[in-house]
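Peer 1: only the shape, not the letters, is given here:
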């Protein structure tokens, strides 16, 4: 295991942001930390990248403790944060060379490496322009390039595609896939289920500082049940009553869609039972569809479904 | 990936620490040089202030000598205040951008980034001070200093600027935003006015005189003035040195500690 953490706990004042979190990442794999805002994803990344100390628990990168051997750890990892970490007033090349020098590649090594990365990230033409004139996509590419200067063994990406347009997002995904092919271990945080489903070998689902579930995307989907029934309603009142009736068995997709998802074993029997329950309570169902669970279902079901249900179940 | 870094580099050690600091000094100087507004301001503003004091207010202030001979050390110190305030802002700019996480997750000493900023600050101040003094001489400033006295004055000013720059770096680390860094460092711009920079302290009301005689800037100014124009210094040279060294030690230790422990959010 190249990344191992056990019993991580962190509080800011009286707010507990991480509560007894365990993690394991196999070398060469991709781990996605998935969760809503405030779930503790960034705090985990900050601890693993030596930027923050855990109050309790310990974490190691390739066996080196992130607190006691922070310099060694920093030499093996890189971090691309949520905010672009580039100097606006330096050129793309100067930014890269600077990081190379600080990673102790030597003057020559740093220059050579900068040129390689400029080529690889399609920034050769812009190399001698100041970064403040770069487009958003170019900045993000430079940011990632700066993270790869010293060929890190583990690369941490904190919400790598938040705020990117679809084309830049696809480019970023391709870059990440290429990194993994070259043997780099990737730990990324994301709020996008699609991103986790697509990139990650394993997913850790976080909810309010705790691990709500973990495993492969398929494992997680299996936890939610073999099949999902989506019950669509004509008006919010019907939905609210259906939620009351089926309560713990379902999850609501969002306030804008009048859909209630219910775990099912896929049998006709179960479908009958659900519809009978609703009919005898006088709740009309507009449409029923059945599908394999998506990560959306996992997300909604496992991250405190009751909390998700509450606002949508009481329509204004 | 086509190529990886050929050798696996080593981290830590004195040679790397020196190299890292030089790299980051280079960065800060480059950033300073390209931040044209700040650079121009830090040179033009003291020149304007000097013109203002010498040609506008100076005629009404009696210091027993040509006013320009009196005011030059004050202008130089005012100039260091401006310099320090822009240093606080550039440190705050690092601290509030994503850059700080990148810098802090590199295998380098935590003081290297601040040392870069402080060195650039001292260099910028030295340049501004030299220009101010040359301009003053063109405007009629007639220092009587020997080579040794020039060297002592320059040495004291450099030490003071170094101390003030570390203090500014610490304020930059604490500040929640670039704007608040500029507010926090406002006192550095204001304190020179409450000293013997522009008027002799014996013209002030007694409570103010107490403040102005016992704040660090007055002894520094009086020492520099004495060295350059032959006014009496007394024991103020030692007081000035004590202040500068004291501020330097506290600010250096405080800033580097804060830099290591300050985290965003």
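Peer 2: Yep, that arrived. Every value quoted in this text rests on a predicted model; they were computed, and no experiment measured them. Residues are numbered from 1 along each chain as shown, chains lettered A, B, ... in the order given.
Peer 1: next up, the contacts around residue 184.
Peer 2: Unless you meant another one, I'm taking chain A. Applying C-beta atoms under 8 Å, 6 or more residues apart in numbering or on different chains, one finds that residue A:184 lies in contact with A:28, A:151-155. All C-beta atoms are positioned from the backbone trio N, CA, C, and that covers glycine.
Peer 1: sorry, I should have been clearer: chain B.
Peer 2: Residue B:184 sits next to B:88, B:171, B:174-175 when contact means C-beta under 8 Å, 6+ apart.
Peer 1: what's the most distant pair in the contacts of residue A:184?
Peer 2: Across the contacts of residue A:184, no pair lies farther apart than A:28 and A:151, at 13.8 Å, counting by C-beta to C-beta.
Peer 1: can the strand or helix carrying residue B:27 be found next to chain A?
Peer 2: Of the helices and strands defined by DSSP states H and E, residue B:27 is found in helix B:14-34. Yes: Helix B:14-34 comes into contact with chain A (C-beta under 8 Å from any C-beta of the partner chain), by way of B:16, B:19-20, B:23-24, B:26-27, B:30-31, B:34.
Peer 1: most centrally placed residue in chain A?
Peer 2: Here the mean C-alpha position of chain A is nearest to the C-alpha of residue A:190 (C-alpha atoms, centre = their mean), at a distance of 2.2 Å.
Peer 1: any idea what it is bridged to?
Peer 2: Here residue A:190 sits in beta bridges with residue A:34, as judged by DSSP bridges.
Peer 1: can I assume it is in contact with residue A:169?
Peer 2: No: counting by C-beta atoms under 8 Å, no contact exists between residue A:190 and residue A:169, whose distance comes to 10.9 Å.
Peer 1: shared neighbours of the two, which are they?
Peer 2: When contacts are counted by C-beta under 8 Å, 6+ apart, residue A:190 and residue A:169 have residue A:161 as shared neighbours.
Peer 1: what average pLDDT does the helix or strand where residue B:90 lies get?
Peer 2: When elements are assigned from DSSP H and E, residue B:90 belongs to helix B:67-96. Helix B:67-96 carries an average pLDDT of 87.
Peer 1: other SSEs contacting it?
Peer 2: Here helix B:67-96 touches helix B:14-34, helix B:36-51, helix B:111-138, helix B:147-174, helix B:178-184, helix B:186-190, helix B:217-229, going by 3 or more C-beta pairs under 8 Å, 6 or more residues apart in numbering or on different chains; DSSP states H and E.
Peer 1: run the chain-centre distance for it.
Peer 2: 5 Å (C-alpha atoms, centre = their mean, to the nearest Å).
Peer 1: might one say that residue A:19 is in contact with residue A:210?
Peer 2: Yes: with contacts defined as C-beta under 8 Å, residue A:19 counts as touching residue A:210 at a distance of 5.2 Å.
Peer 1: state the pLDDT value of the residue nearest to the centre of chain A.
Peer 2: At residue A:190, the model reports a pLDDT of 88.
Peer 1: list the contacts for residue 62?
Peer 2: Assuming you mean chain A. For residue A:62, the contacting residues are A:2, A:76, A:153-154, by C-beta under 8 Å, 6+ apart.
Peer 1: give me the neighbour count for residue A:276.
Peer 2: Neighbourhood size, residue A:276 [other C-beta atoms under 10 Å in any protein chain shown]: 10.
Peer 1: same question, residue A:63
Peer 2: 10.
Peer 1: likewise for residue B:239?
Peer 2: By other C-beta under 10 Å, the residues close to residue B:239 number 18.
Peer 1: distance of the nearest residue to it once chain neighbours are set aside from chain A?
Peer 2: Using C-beta to C-beta, 6 or more residues apart in numbering or on different chains and skipping the chain neighbours, the partner closest in space to residue B:239 is residue B:219 (4.2 Å). Between residue B:219 and chain A the distance, using C-beta to the nearest C-beta, to the nearest Å, works out to 37 Å.
Peer 1: ok, back up a step: contacts for the helix holding residue B:27?
Peer 2: A:87, A:89-90, A:94, A:98, A:101-102, A:104, A:130, B:10, B:38-39, B:90, B:108-109, B:112-113, B:115-117, B:119-121, B:123-124.
Peer 1: got the angle between that helix and helix B:111-138?
Peer 2: 50 degrees (axes from the mean of the first three to the mean of the last three C-alpha atoms, to 10 degrees).
Peer 1: where does the stretch 1-150 of chain B dip in pLDDT?
Peer 2: For the stretch 1-150 of chain B, the stretches flagged by pLDDT under 70 are B:1-8.
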